[in-house]
Structure formats: C-alpha cells, structure tokens
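Chemist: Sequence plus the predicted model coming up.
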Amino acid sequence: MNRPYINDKTYSNIDFTQTSFQKAEYDNCTFINCNFSEIYLSAVSFLECDFVDCNLSGVKIKDTSFNKVNFKGCKLLGIAFYECNPFLLAFRFEKCNLNHSQFNGLNLSNTTFLSNQIQNVDFTDTNLSHAKFSQCDLKSSTFENTVLKNADFSQAKNYSINPSKNTLTQAKFSREHIEGLLQVFNLHIV
C-alpha cells in the first residue's frame, strides 16, 4: 500500500493524541514540541527527520522506518525499538530520556548518544560498534552478547558491562568509571 509522501514540513505544538497522525513517508520533516505518547506510528517512514522536545513515550513502532533521524530533548520512555524496520536504521539521540526502552538485536553501529538518560534499557544482542555514549547515565541497562567494538564509554557513567559476555575490542572507558566493567567479579575497588 502506497503512503502519502510529505517532505520539508514543520509540525509544531501538535498533540497527536488528540489530532490524528497521518501515516505517510516523511522526508526532511521537523516535529517540535509534539505529543505522540502511546500512539501507533506503525509502518510510517521517517527519512532525515528531526524530533525536538517531543513526547514519544510508549509509541508503537512496528515496521516503522527511521533513517537518519535525530531526537533532541525528547521523551522516549518504554519504546520497543526492536520492532521497527531495521533496514537503513540510523538514529542520533541528544538530551533525551530513553529509560525502559529496548533495542534488542538491532544494528546501531555508529549511533551517537549525547547527554541522555539511558536507564533500564535493553541492548541485548545489539551491534553498538563505534557507538558513542557521551555524558550518558546507563544505570541498570543490560548489555549481553552486545558488540561494543570501538564503542566510546569514556564519558558515560553507571554502566555495568560483563567483559566475558560482550565484545569489547578497542572500546573506550574512563578510569573513573572502570568499576562498571569489574562488578561481575565482585571486587572492592578503593
């Protein structure tokens, strides 16, 4: 089924929980201070779109395409990102709250996470090679069978990553937060 094609449009201050959201292919569109909370964005396509100060908590994104999509200052609580279309998937997250979301099994290589709350997030079986977690709080997030080759955690905090259950080749960590790699060994670091 062909969806309408919408490009170069800006949507500001719209509450899509009260106003219907058009299922379409959005190209180079900007959404500012919009509320998408709990709505169905299934099978929608976003190409080179920006979401600024939006609430997308609990959105349903089965088969939704995100290609070069930027989220800045957004609430993205409890989203099952693993349900979105993995083809050409590319995100950037800045100053967002991603708590309780799930990225299981996705290829998120080269993804930038800048100044985000990423607590209780599941990255099991995710490819995060060359990803950057700058000024991010990763408290209680799950990394298991996760590819973290060349990932940068040097400015992240509160992570707990088991080196024997993840691929950490050339990953960067700060000395200040190294205990996040050693918790599994039940050591006391003073």
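Modeler: Here it is on my side, so go on. Residues are numbered from 1 along each chain as shown.
Chemist: so how far is F31 from Q18?
Modeler: Between Q18 and F31 the computed distance is 15 Å (Cβ to Cβ, to the nearest Å). In short, each C-beta sits where N, CA and C put it, glycine included.
Chemist: out of those two, which sits in the more crowded spot?
Modeler: It is F31, of Q18 and F31, that has more neighbours when counted by other Cβ atoms under 10 Å, with 24 against 7.
Chemist: Hmm, N13 and the more buried one touching each other?
Modeler: No - look at F31 against N13 with Cβ atoms under 8 Å: they stay out of range, at 10.1 Å.
Chemist: can you give me the helices in the chain?
Modeler: 179-182 (DSSP state H).
Chemist: Show me the shaky parts of it.
Modeler: Residues of the chain that meet the criterion pLDDT under 70 lie in 1, 182-190.
Chemist: Strands of that one, start to end?
Modeler: Using DSSP state E, the strands of the chain run over residues 5-7, 10-12, 25-27, 30-32, 45-47, 50-52, 65-67, 69-72, 91-94, 112-114, 132-137, 152-157, 172-173.
Chemist: A80 is nearest to which of these?
Modeler: Closest approach to A80 among these (Cβ to Cβ): strand 65-67, 13.1 Å.
Chemist: buried sites along stretch 58-74?
Modeler: For stretch 58-74, the neighbour count (16 or more other Cβ atoms under 10 Å) marks G58, V59, I61, T64, S65, F66, N67, V69, N70, F71, K72, C74 as buried.
Chemist: which of the residues you listed lies closest to L181?
Modeler: Closest to L181 out of these is F71 (28.0 Å), distances taken as Cβ to Cβ.
Chemist: now the end-to-end length of stretch 26-37.
Modeler: End-to-end span of stretch 26-37 (Cα to Cα, to the nearest Å): 19 Å.
Chemist: if I look at R3, how far off is N110?
Modeler: Distance, R3 to N110, using Cβ to Cβ: 28 Å.
Chemist: no wait, L77
Modeler: Computed as Cβ to Cβ, the L77 to N110 distance reads 24 Å.
Chemist: Of those two, give the one with the bigger neighbour count.
Modeler: A side-by-side neighbour count of L77 and N110, using other Cβ under 10 Å, places L77 first with 19 against 16.
Chemist: so that one makes contact with S57?
Modeler: Yes - contact criterion Cβ under 8 Å: L77 and S57 qualify, at 3.9 Å.
Chemist: where's the closest residue in space to K157 that isn't next to it in sequence relative to N99, distance?
Modeler: Using Cβ to Cβ, 6 or more residues apart in numbering and skipping residues adjacent in sequence, the residue nearest K157 is H177, 5.3 Å away. According to Cβ to Cβ, H177 and N99 sit 19 Å apart.
Chemist: Of those two, give the one with the bigger neighbour count.
Modeler: Neighbour count, other Cβ under 10 Å: between H177 and N99, N99 has more, with 20 against 16.
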